[in-house]
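[1] With the input below, show me the fold.
(chains A and B)
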Amino acid sequence: MTPDPSVAADFDLEHCTVRELNGALHQALSGGFRVLNPGGAHALACGLDAPLEVHIDGHAGYYCAGMNKSANVTVTGNAGTGCAENIMSGEVRVQGDVSQSLAATGHGGLVVVEGSASARAGISMKGVDIVVGGDVGHMSAFMAQAGRLLVLGQAGPDLGDSIYEAQLYVRGKVASLGADCEEKPMEAEHTAIVAELLERARLDADAASFRRYGSARKLYHFSVDNMDAY
Amino acid sequence: MSEPRTPPRKSATFDDYTLAEIRRAAATGIYDIRGGGAKRRLPHFDDLVFLGASMSRYPLEGYREQCDTAVVLGTRFASQPIELKIPITIAGMSFGSLSSQAKEALGRGASAMGTSTTTGDGGMTPEERGHSDKLVYQVLPSRYGMNPDDLRRADAIEVVVGQGAKPGGGGMLLGQKINERVAQMRTLPEGIDQRSACRHPDWTGPDDLAIKIQELREITDWEKPIYIKIGAARPYYDTALSVKAGADVVVVDGMQGGTAATQDVFIEHVGIPTLAAVREAVRALQELDMHRKVQLVVSGGIRSGADVAKALAMGADAVSIGTAALVALGDNDPALEAEYQKLGTTAGAYDDWHEGNDPAGITTQRPELAARLDPVLGGRRLANYLSVMTMELQTLARANGKSNVLHLEPEDLAALTVEAAAMAGVPLAGTTWIPGGGE
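    Down below sits the predicted model:
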């Protein structure tokens, strides 16, 4: 392999442990790191807290880049459950597909999946921006509180169930909307938001081709008249 | 002379309380939501007694012979276990359900006594961190305010699977208490009725939880003890699964354990009493050869040093208090009776904590009420109460000939009722009979 001058260090998980990798990444203040032979290991590059560039060359397991702050993490393969869970800032990009609970409870930053995401993408999201190039599974954006979810493909059943103030944009078909989620008019300001997200995600699509969904705010207070929705 | 009549007879099934609840439900269409734990009479530690020392055991001299109370939690995997001076900790209660003054008072009182306090379903506040020498950071399904910086600032991490008041239930904080600061910490609109999820967003079972715990350990470089808190539902299996998932500490909360706000039907009808849960949790640890290696913390209705001593004798390593700590701060004080009357209740029964009108200034976010609680004085009261509990605990340990409170054992106990004997696995007093197949 030709040495890459931008890479400060390589970690080959055939020859070191996840603990050694994460311990070194937690010590680093800056620089680029490459993870070779990740082999679907769990908790790769989680808890980062510095402007690092981390390139995972292969597949990652659960909670890859969990609670990320400031770092940019790229996975060239697929990633498992809870990828970028509770992300605070920085960027996590997966070039393949991801499993359930993508960016769950994420507070900030940008998460990009170039493939598709499984169920509960963006569950309880709290401010993160999520862009999915393919489809998202059922119950995506469940109880989503804040932030934006942009889906270039289709959304599975019960999108945005019990949603609070997160904003959802979907280009393809939505199988069904969850409780208290409704379609909202797409104004110029929303098209601009979609265009901005596409640009940041470096994905190509017509910003005007998306539809917008959000909270109907009918379940914000308990009421006997909403019995059917409880 | 009039003919004798059958005296009016009220139904035991449809008693006055039940009738009133039916009428209230018919009038409002909403089930009763309240704070606190199960209020009904339950088998409890009161149904156990210590046998004390006599011919076969030497007692220790009160005040003169040492009786250690220190306990270390998190010795299994964590590189920085928590060392507590007393085996009584403060349970998780959120900022949001409690005022910031109350959280500060809890921190002050616990720190004065060398023990820990715990965050809750609303994140960590600077007041709480600043005044708590040892702070346990809860990871809850809602992940409100969840922040890796706070995770690293914590002294231990508690993954909350459930709580005794509502095993299987999520949180609830009604709009009256979602003021600007609470809303901001939880990333929610002000004034809405807020539901917390009952399941975690990124794991669904013990196999996933093991991986989740691996992530939390990696993020914190394997320094912090990781607790798993479970509501007392199936404590034998849940404790065993917590050990399998990698817990350093298991916290078992019985149905008397309080909540900030939940449906009354949930509080009174789901879960099992604390007394019944302890034995089952200990049995699981013993069978896995993990007793005293994975520490067990018991909560739910702990009120006195006697309760602590009995929990330890049954095999717990420490206890947690919530409701009792609030009472120590001034909750339900008869001195406030006139104000409780205005709220349609009476001192000792006030449980509408979710409405945010607490005259004691504890379960409220209204500034004028919260200001009534002096955090310094409150902290002092809590420390006094913890001191008394600790001295009571030592008194009972010495009476049973123990120089360390963790040396208390089931053989020091007898049960006063058949139910308690079966649940605790100790003989009915005056017999050798342990009903229910206990050892």
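[2] So what sits opposite residue A:182 in the bridge?
    With DSSP bridges as the criterion, residue A:182 is bridged to residue A:214.
[3] what sits against residue A:207?
    Residues near residue A:207 by CB atoms under 8 Å, 6 or more residues apart in numbering or on different chains: A:191, A:192, A:194, A:195, A:198. Bear in mind the C-beta positions are built from the backbone N, C-alpha and C, glycine included.
[4] of those residues, buried ones?
    Applying a neighbour-count criterion of 16 or more other CB atoms under 10 Å in any protein chain shown, the buried members of the contacts of residue A:207 are A:191, A:194, A:198.
[5] and of those residues, the nearest to chain B?
    Nearest to chain B among the buried ones among the contacts of residue A:207, counting by CB to the nearest CB, is residue A:194 at 22.2 Å.
[6] In what element of secondary structure is the closest one found?
    Secondary structure assignment for residue A:194, by DSSP states H and E: helix A:188-201.
[7] What separation do you get for the nearest residue to residue A:39 once chain neighbours are set aside and chain B?
    Spatially, and ignoring its direct neighbours in sequence, residue A:39 is nearest to residue A:13 (6.0 Å; CB to CB, 6 or more residues apart in numbering or on different chains). Distance, residue A:13 to chain B, by CB to the nearest CB, to the nearest Å: 13 Å.
[8] can you pull the contacts of residue A:13?
    Residue A:13 makes contact with A:21, A:35, A:36, A:37, A:38, A:39, A:41, according to CB under 8 Å, 6+ apart.
[9] Give me the neighbour count for residue B:320.
    Look at residue B:320: counted by other CB atoms under 10 Å in any protein chain shown, it has 28 neighbours.
[10] Enumerate every residue touching the residue nearest to residue B:353 when sequence neighbours are not counted.
    Nearest in space to residue B:353, with sequence neighbours left out and distances taken as CB to CB, 6+ apart, is residue B:35 at 3.3 Å. Taking CB under 8 Å, 6+ apart, we find residue B:35 in contact with B:97, B:258, B:259, B:260, B:261, B:262, B:351, B:352, B:353, B:354, B:363.
[11] if we look at the helix holding residue A:194, which residues are touching it?
    The contact list for helix A:188-201 (CB under 8 Å, 6+ apart) reads A:110, A:112, A:129, A:131, A:133, A:148, A:150, A:167, A:169, A:204-205, A:207-208, A:210, A:212.
[12] Stretch B:230-237 now?
    By CB under 8 Å, 6+ apart, the residues outside stretch B:230-237 that reach it are B:161-168, B:238-239, B:242, B:250-255, B:257, B:270-274, B:276-278, B:280-281, B:283-284, B:300.
[13] Please repeat the previous calculation with a cut-off of 7 Å.
    Residues outside stretch B:230-237 that contact it (CB atoms under 7 Å, 6 or more residues apart in numbering or on different chains) are B:161-164, B:166-167, B:238, B:242, B:252-255, B:271-272, B:274, B:277, B:280-281, B:283-284, B:300.
[14] And for stretch B:383-397?
    So stretch B:383-397 is in contact with B:50, B:62, B:67, B:69, B:86, B:88, B:109, B:112-113, B:115, B:304-306, B:308-309, B:328, B:405, B:408, going by CB under 7 Å, 6+ apart.
[15] roughly how far apart are residue A:71 and residue A:77?
    Noted for residue A:71: a distance of 18 Å to residue A:77, by CB to CB, to the nearest Å.
[16] More neighbours: which of these two?
    Using other CB under 10 Å as the criterion, residue A:71 and residue A:77 rank with residue A:71 on top: 25 against 16.
[17] Now residue 186: phi and psi?
    This is for chain A. For residue A:186, the backbone dihedrals (degrees, to the nearest 10) come out as phi -100, psi 100.
[18] looking at chain B here, not the other one
    Residue B:186 has phi and psi values of phi -100, psi 0 when expressed as degrees, to the nearest 10.
[19] you'd agree residue B:391 is in a helix?
    Yes - Residue B:391 forms part of a helix when assessed by DSSP: H, G, I helix; E, B strand; the rest coil.
[20] how many other residues sit next to it?
    Residue B:391 has 15 nearby residues by other CB under 10 Å.
[21] tell me the contacts of residue B:435?
    Applying CB under 7 Å, 6+ apart, one finds that residue B:435 lies in contact with B:418, B:421, B:422.
[22] Now the buried members of those.
    Among the contacts of residue B:435, those that count as buried by neighbour count (16+ other CB under 10 Å) are B:421, B:422.
[23] Closest to residue A:88 out of the contacts of residue B:435?
    Closest approach to residue A:88 among the contacts of residue B:435 (CB to CB): residue B:422, at 50.0 Å.
[24] Is the closest one located within a helix, as I assumed?
    Yes - counting by three-state DSSP, residue B:422 is located in a helix.
[25] confidence score at the closest residue to it other than its chain neighbours?
    Counting by CB to CB, 6+ apart, residue B:422 lies nearest to residue B:436, which is 3.4 Å off, once chain neighbours are set aside. On the pLDDT scale, residue B:436 is placed at 84.
[26] State the phi and psi torsions of residue B:436.
    Main-chain torsions, residue B:436, degrees, to the nearest 10: phi 80, psi 10.
[27] Against residue B:208, how distant is it?
    Going from residue B:436 to residue B:208 by CB to CB gives 34 Å.
[28] With residue B:81 instead?
    Using CB to CB, we find residue B:81 at a distance of 25 Å from residue B:208.
[29] now residue A:165
    Taking CB to CB, one finds residue A:165 at 28 Å from residue B:208.
[30] and if you look at residue B:247?
    Distance of residue B:247 to residue B:208, given as CB to CB: 14 Å.
[31] what's the answer for residue A:163, then?
    Separation of residue A:163 from residue B:208 (CB to CB): 24 Å.
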